[in-house]
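Structure for this input, please:
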Amino acid sequence: MTNKTPRNNASSTCSMEPTAGCSPTVSEPELYRSVMAVLPRETDHQHPQDCLNKGMLRWTLHKKVQSNPVNGSSLVWVLIKELEKAERWDSRKSIIPLLHTLMYAIIQTAYIPDELYKRVYSFCKRLLTYPQPYCTVGLSYTRQIKTERSTPGLMYQRMVTAEQRLKNEHYPLQERVFILADPEVFSRSLEQVVCGDIETSSLFAGGSPSPFHHMCSVVQHSIQAALGAEQCHGPKLARALKDMGQDVESHFQEVLAALEQSAEEAGRGEGGALRSRLQRLYSRIVSEADSESLSSGELCNSPLPNPEMSFHMWTEDLDIWRVLAKWFRSSSLSEQFPVSQEQEDFDLGDSPSDLMPSDTTRFSVLSNDSGIEKDLPSGGDPSLSSSLDCAGLSAAWEQCKIEPDSARLSRRKGIKMKPSVKDSMVLMQDTLQENASLGAGGGGGGRTGRRGATLQRRAGSCATQNPFLKQQRHFTARIVAMGDDRVLGRLAKAYYFFRKREARRIFLTMKVNLQFYYIPVCGATTPVSCMKEDLHQSKENLCTLGSYLSIVDPWYNSNIKSLGCMIPKLAKMQQMNPGRPKDPFVSDVISYYVRTGLQPVYFTIYFVKITFTKTTKSPVEDVFLTHLEMEFPEFRHISTSIRDKHKRTSGEMCGAVISLNYRKVTLSGRDVDKGISVRTSGAQITAIPCNEAEDLNCLTMTLNESPTRNKNNVAGSTFRSSNLKIRTLECRPLTVTLDRDRRRIYTDVQSLEISPCLDPGYCVQKTIRSKFELGVGKEAGLSKYMNKGLPLPINTFAGIIT
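Prediction:
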């Protein structure tokens, strides 16, 4: 896929080899059979093993393209024919998988004739008349194909330049992939599989991660894509670039200047002279190394290297904000964003525990020292930590705190009471852009004023309907979470911390674009099945969100969920056959995911305020994403047996009495406030729908026992709501678990308040506006266009296919 298959010739350090040295040409009938084998089918849920194989078959198919340039153009022909056939037969389930496969093949193919570009462009343009998500994916690829047709090789050049962070003056964008694995799921063997695969991937990029190798690949691919086999001799060009060494950088800069200028001229409707310019460059490069005539010949393969990846075990001492800030400051473009000394001290000097909500009570502490760190006694920090549960982050942060000069004087834990006007405007602009994307996405939503419209889960984004153009950010951080629902809960909490910190002092919001991805991986005792099943039929299903994404996006199920099932198998294979893997499979699939999975599905983050039975213990505020479980510990041993009974009488009821106040949500928008008192041993609150037919963006609360029905109580055991208030009415405390994570268990709980988490950007704007308004009025000005909630966008290949 993104890395070249190893060759027996160990002396070859350049990955650009003639076609004769590559794998044999594959016939179109064989390519057709390979394409048909990877497409999702309705019977996949009946044969889980076939689902696991599809991801491997897709990877093998792209390996054939990268190993021989002739296979690339043949595969493009096969795919466009199948897309046109799917259009004629109205077989929409195959369109998005075929389209992603087609675009990935186009990026890697050495040369594509203009006739084929025109055919692909026409098909993508016809997708604009289709409903979501087809029109959204079609619009994105229509723009890319239009640009690629006028400037061949531009997608490859931009992708390699950004992902490998090649220094240049023409394309400033940079990207990096951060893989965060849950240590509760990833054993030592699983960690070794992923780390070894990433290391192998970097070696397959040409024997070493040298930037000059990537520059050679960009020059080779760009010249071949523009000239073709009739005007370019690939082997001669490859040898000439290899012999240049570091001198190839000047040619790389010239190629980038030519391609970016051609793309800009094409955008203005002007004709460019790209072909003639690259023809002169090709003649100059080859003539310097070979005095023979420039004859036509076969093309060479320029493998698409995997992006830079860093693997992290998500322990308590890992702070996403600090990781991104360090990456931003260490990048080659950081000098374009000057940072004052005051910002530097604040940004990398704060502990994660300082990120308390603006409305949390702060206790005054009398200071007996000068306030200078050097003068403080060597003891514990007297300042109070946040009410958010981040004691583990605080303790571990001290270990990873970077202090270049131990004698430097600095203020400790200074609180910025309010953001500046400039910071608040930046936050408001970012929130407006995000809300416009949400409203334009598929699955409903928008500002219709009806509660029912917001119950449809939002997915995808459409720039044509976005009135607020999103500011381009030079840095893109692609965060890939690997694990079960527990790692997603930690991701939601980290994202909440990130936004809260940025609300107090802007630093990364308008510089770094965050993209979130998720690969469901479970431990050996809880395997992830690719079968289409009820998401909550078993309490042991720890990957409910991954199962949901597999249902709404079949291509995600074939490639990403199957990868989560393959990683434990690869670990067992490596134990039997130790050594470095020959082909980087895991990193190749991750590269394919982060490059083509650009349609987000939005999941609401829920805010929960927990009050304890002990009045001396302060309330705790936390967030969760997928699941909240509450139970009375003394009834734990009998709750399971009673829950399994289908018929219960009042004499079989057990548990404690709780009061439940909630707003019942309906699709009609006629929400009703209700309050009841029930006896139960516990309850499950889930944010992921039980099945595809009940895909509503709200919470579902299920009691362990059905309440007794009488004339005053006609409630069932299941409630749908987005706002809940639960309180125990007896002297029996609750135990609360967030996102099934044993590291996030609260005991001695008396009451819970649950509501959708508010976006810090909206809170800042609301605070500023309240100073100039008397009383509580309706949303006015730009506030009514802002996104009030804080959803977590998880990227998929299609969003939600209904």
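
what does the model give residue 639 for pLDDT?
pLDDT for residue 639: 53.

and if you look at residue 693?
65.

Likewise for residue 180?
So, for residue 180, pLDDT stands at 96.

count of residues packed around it?
21 (other C-beta atoms under 10 Å). The way it works is simple: take the backbone N, C-alpha and C, and place the C-beta from them, glycine included.

Correct me if wrong: it contacts residue 495.
No: between residue 180 and residue 495 there is no contact under C-beta atoms under 8 Å: 11.8 Å.

shared neighbours of these two, which are they?
residue 320 (C-beta atoms under 8 Å, 6 or more residues apart in numbering).

For residue 324, pull up the helix or strand it's in.
Secondary structure assignment for residue 324, by DSSP states H and E: helix 320-330.

tell me what that helix is packed against?
Packing partners of helix 320-330 (3 or more C-beta pairs under 8 Å, 6 or more residues apart in numbering; DSSP states H and E): strand 174-181, helix 341-349, strand 475-483, helix 485-504.

how big is the angle separating the shortest one from strand 475-483?
The reference is to strand 174-181. Per axes from the mean of the first three to the mean of the last three C-alpha atoms, to 10 degrees, the angle that strand 174-181 makes with strand 475-483 is 20 degrees.

and the helix or strand following strand 174-181, C-alpha only, in PDB?
Using DSSP H and E, the next helix or strand after strand 174-181 towards the C-terminus is helix 188-204. In PDB, the C-alpha atoms belonging to helix 188-204 read as follows (Å, rounded to 0.1, in the frame of the first residue of the first chain):
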ATOM      1  CA  ARG A 188       3.600  -6.100  25.900                       C
ATOM      2  CA  SER A 189       3.100  -8.400  22.900                       C
ATOM      3  CA  LEU A 190       0.600  -6.100  21.200                       C
ATOM      4  CA  GLU A 191       2.800  -3.100  21.800                       C
ATOM      5  CA  GLN A 192       5.700  -4.900  20.200                       C
ATOM      6  CA  VAL A 193       3.600  -5.700  17.100                       C
ATOM      7  CA  VAL A 194       2.600  -2.100  16.500                       C
ATOM      8  CA  CYS A 195       5.900  -0.600  17.300                       C
ATOM      9  CA  GLY A 196       7.800  -3.100  15.200                       C
ATOM     10  CA  ASP A 197       5.400  -2.500  12.300                       C
ATOM     11  CA  ILE A 198       5.900   1.200  12.500                       C
ATOM     12  CA  GLU A 199       9.700   0.800  12.600                       C
ATOM     13  CA  THR A 200       9.600  -1.600   9.600                       C
ATOM     14  CA  SER A 201       7.400   1.000   7.700                       C
ATOM     15  CA  SER A 202      10.100   3.700   8.100                       C
ATOM     16  CA  LEU A 203      12.800   1.300   6.800                       C
ATOM     17  CA  PHE A 204      10.700   0.300   3.800                       C
END
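
State the mean pLDDT of helix 188-204.
Rounded mean pLDDT across helix 188-204 is 86.

Show me what whatever helix or strand comes next after that helix is packed against.
Next helix or strand after helix 188-204 toward the C-terminus (DSSP H and E): helix 211-227. On a contact count with 3+ C-beta pairs under 8 Å, 6+ apart, helix 211-227 meets helix 154-163, helix 234-244, helix 248-267, helix 274-289.

so which of those gets nearest residue 37?
Closest to residue 37 of these, according to C-beta to C-beta: helix 154-163, at 26.4 Å.

in the protein, which helix or strand is least confident?
Sorting the helices and strands of the chain by mean pLDDT, DSSP states H and E puts helix 391-400 at the bottom, at a mean of 42.

and stretch 136-151, what's its mean pLDDT?
Here stretch 136-151 scores 94 as its mean pLDDT.

What residues of it count as buried?
The neighbour-count check on stretch 136-151 (16 or more other C-beta atoms under 10 Å) flags 136-142, 144-151 as buried.

and the residues you listed, which of them are in strands?
The members of these all map outside strands under DSSP state E.

quick one: which of those is nearest to residue 39?
residue 137 (16.1 Å).

before we move on, the earlier item: of the buried residues of stretch 136-151, closest to residue 602?
When those are compared against residue 602 (criterion: C-beta to C-beta), the nearest one is residue 136, at 13.9 Å.

is it true that the closest one touches residue 599?
Yes: the criterion here is C-beta under 8 Å, and residue 136 meets it with residue 599 at 6.6 Å.

ok, back up a step: can you flag the weakest of the helices and strands packed on helix 320-330 by average pLDDT?
helix 341-349 (a mean of 46).

Tell me the buried residues in the helix or strand where residue 107 lies?
In the assignment (DSSP H and E), residue 107 maps to helix 95-108. Residues 95-108 are the ones in helix 95-108 that count as buried (16+ other C-beta under 10 Å).

what's the angle between it and helix 211-227?
110 degrees.

immediately after helix 95-108, which helix or strand?
Next helix or strand after helix 95-108 toward the C-terminus (DSSP H and E): helix 114-126.

on contacts alone, who are the packing partners of that next one?
Secondary-structure packing of helix 114-126 (3+ C-beta pairs under 8 Å, 6+ apart): helix 69-88, helix 95-108, helix 134-150.

In JSON lines: these, plus distance to residue 231.
Output for those, formatted as JSON lines (distance: least, C-beta to C-beta, whole Å):
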{"stretch": "helix 69-88", "distance to residue 231": "15"}
{"stretch": "helix 95-108", "distance to residue 231": "20"}
{"stretch": "helix 134-150", "distance to residue 231": "18"}
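
and which of the buried residues of helix 95-108 is nearest residue 667?
Once C-beta to C-beta is applied, the member of the buried residues of helix 95-108 that ends up nearest residue 667 is residue 96, at 27.3 Å.

Verify the contact between that closest one and residue 133 for me.
Yes: with contacts counted by C-beta under 8 Å, residue 96 reaches residue 133, the gap being 7.4 Å.

which residues do the two both contact?
798, 801.

So, low pLDDT: which residues of the stretch 301-450 of the chain?
Per-residue confidence for the stretch 301-450 of the chain (pLDDT under 70) gives these ranges: 332-450.

50 instead?
340-342, 344-347, 349-364, 380-409, 412, 415-417, 440-450 (pLDDT under 50).

do the stretch 601-750 of the chain as well
In the stretch 601-750 of the chain (pLDDT under 50), the answer is 646-651, 711, 714.

how about the strands in it?
In the stretch 601-750 of the chain, the strands defined using DSSP state E, counting those that start in this stretch lie at 606-612, 620-624, 627-631, 656-664, 672-680, 682-686, 699-703, 718-728, 734-738, 745-756.

As CSV, those strands with distance to residue 330 and mean neighbour count would be great.
Below are the strands of the stretch 601-750 of the chain laid out as CSV (distance: least, C-beta to C-beta, whole Å; neighbours: other C-beta atoms under 10 Å):
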stretch, distance to residue 330, mean neighbour count
strand 606-612, 34, 19
strand 620-624, 30, 21
strand 627-631, 37, 22
strand 656-664, 48, 18
strand 672-680, 52, 14
strand 682-686, 41, 21
strand 699-703, 41, 20
strand 718-728, 41, 19
strand 734-738, 34, 22
strand 745-756, 36, 17
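
Sounds good, over and out.
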